[in-house]
Structure formats: C-alpha cells, structure tokens
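> With the sequence up front, the predicted model follows.
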Amino acid sequence: MPAVPSSIIDPIWHQFESLIPPVIDQHPLGCHRPRVPDRIVFDKLVQVLVLGAAYVKIADSTCSATTIRRRRDEWIAAGIFTRLEQICLDGYDKMIGLELENLCVDGCIVKAPCGGAAAGRSPVDRGKQGTKRSLLVDGRGIPLGCVIAGANCHDSPLLAPTLEKLGRFGFDLPERITVHLDAGYDSRTTRNLLEGLGCDYIISKKGAPLQAGARWVVERTNSWHNRGFRKLHICTEVRTRVINAFIALANAIIITRRLLAEAWTRYRWEGRPTRQP
C-alpha cells in the first residue's frame, strides 16, 4: 500500500518533476552506472517522511540509502521543496482562496533523539532533546510557514520570524489581519510587536479557563503533521535544512489533500477521485 494515495502524490510528483534541473553527464566515456530514476527516489523520500523509517530500512535493490540522501541534498540545494510548497499554496489560493484575514500561530514540541542544530532540552520530556515547530496557518488551517528551533526556546521570540513567512505572498495581503494566539504569547512584548506590524490580535489570557476560539485550526494542523508524518513526530534529522525540506514536503501534501477535498464539491475534472479525499 503506498504511503500516500496516488490521487494526492501523483499531481505533487508531476509538479516536483518539472522543478528538477536537468542533469549533465560529465563522465568522459559515458559508461557509468545508469542513474536511478527520480520518481523512485521521490517515492522513497515520501516513505521516509510518512513512515519515519531510517534510510537503510527503506532502501532496496532499486535504490540505496546513499542515493536517497545524495539526491535529497541535490534537490534541497536547488530549492525544489520550498518552490513546491509555494506552488501548492498558490494553486490553493487561486482555486479555493486562502483566509489571510485570520491567522493562527502556535508552537509544537516533538522528540529529537539525534540532537542537531534545531534541538534543545525539552521542558515537557524530562530534559531530553526536542525540537519546536512554530507554525503559521490561515483561517482554515492551511500551513503558510514554519520556523524550527530548540525545544527550550519560548514561543514568543519565534512569533516575529514566523509571521515573516507571510513575505512569500508579497504585497498581496489583506489590509487588516487578526492573529489568534494562545496564553503562551500573553505579554506586552507580543502586543507591541503585533501593533507595530499593524495587526489586530486575540490572545488567550494567562490563568483563565481554556479558550479555544479560532485557534483550533492550528492545533489540527499540528496534529496532521505529527499523526500523518512520523518523521516530523520524531525528528531524527540533525541538519536544519533537511528538517525544513521535510516540513515543506509535508505541507505540500497537506495543502494538496485539502485542495482536493474542497475542490471535490466545487469542480469536475479528468481523473477526479470517485469519493471525497
């Protein structure tokens, strides 16, 4: 059974394939071993992301673990994962529409047993190594950007770089934006930041009863990350750029899944799934 349904992963692959730069054969005799097809490596990376398995466990006779890592690094250097995520966002915005008037930001701490540049002592896991993802979503929970840091980093300092992810949309932003935050952001520093950016805000009060409000969408998206992608739930990568690449790929899958679910009731197209995703 595939790690991701073909109705979701096939359109992602077709777009991903178009972003791969051509490979120039520099061998003087042209007699080296045939290059492993990109689709095989891509499917292996999706399996690593979804199943969270080690590269050596995913490798088989069609593709070695070394090839998976090398091709992954080539694609990261070419910026393909980031561009794929942006294309998925643009497609969703064009066909469904992003709700940028209401934004939600929240942090999520996950295990990072291998340590690395984005790991720190986790305050919720007996001081073990962990990673924090500061996630920005729109009013429907579509992931717009993510900033990673050590688990010991407080949510408030990550708010500014997380909101800077809106820069990917250029100047095409609503005049008034309301940011929904939990009690972890309840401080004068946060309010001064949002007022300086010209944003309205709704922040839960510290010590008050649980106030979900409109923030439940970011909690749901964090759940999609952790429950749908084992590699994000237990982060075994040590390099920040590799973690960001896997997050971008996970976001592309989430956005495409939501696009199909929303478009299924609005549009008709060739190859449309027989039931709503």
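It's in. Residues are numbered from 1 along each chain as shown.
> which helix in this structure runs the most residues?
As assigned by DSSP state H, the longest helix anywhere in the chain is helix 240-263.
> Show me what that one is packed against.
In terms of contacts (3 or more CB pairs under 8 Å, 6 or more residues apart in numbering; DSSP states H and E), helix 240-263 is packed against helix 6-19, helix 38-51, helix 65-77, helix 80-95, strand 143-150, helix 216-228, helix 230-233. C-betas here are computed from N, CA, C, even on glycine.
> Out of the ones you listed, which is closest to residue 163?
strand 143-150 (8.6 Å; CB to CB).
> now the helix or strand just after the closest one: how far from the chain's centre is it?
Going down the chain from strand 143-150, the next helix or strand is helix 155-163, by DSSP states H and E. Here helix 155-163 is found 16 Å from its chain centre; the criterion is CA atoms, centre = their mean, to the nearest Å.
> now stretch 124-133
With CA atoms, centre = their mean as the basis, stretch 124-133 stands 19 Å off its chain's centre.
> what sits up against that stretch?
107-116, 118-122, 146-151, 153, 155, 158, 222, 225, 232, 235, 243, 247 (CB atoms under 8 Å, 6 or more residues apart in numbering).
> Now which of those would you call buried?
107-112, 116, 118-120, 122, 146-151, 153, 155, 158, 222, 225, 232, 235, 243, 247 (16 or more other CB atoms under 10 Å).
> Surely residue 110 is within a strand?
Yes: per DSSP: H, G, I helix; E, B strand; the rest coil, residue 110 lies within a strand segment.
> Low-confidence bits of the stretch 1-150 of the chain, can you list those?
Scanning the stretch 1-150 of the chain for pLDDT under 70 picks out 1, 27, 29-31.
> Next, format the helices and strands packed on helix 240-263 as CSV and append distance to residue 133.
Converted to CSV, the helices and strands packed on helix 240-263 look like this (distance: least, CB to CB, whole Å):
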stretch, distance to residue 133
helix 6-19, 21
helix 38-51, 14
helix 65-77, 18
helix 80-95, 14
strand 143-150, 5
helix 216-228, 7
helix 230-233, 8
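> Pick the most buried one from these.
Ranked by mean neighbour count, the helices and strands packed on helix 240-263 are led by strand 143-150 with a mean of 23 (mean count of other CB atoms under 10 Å).
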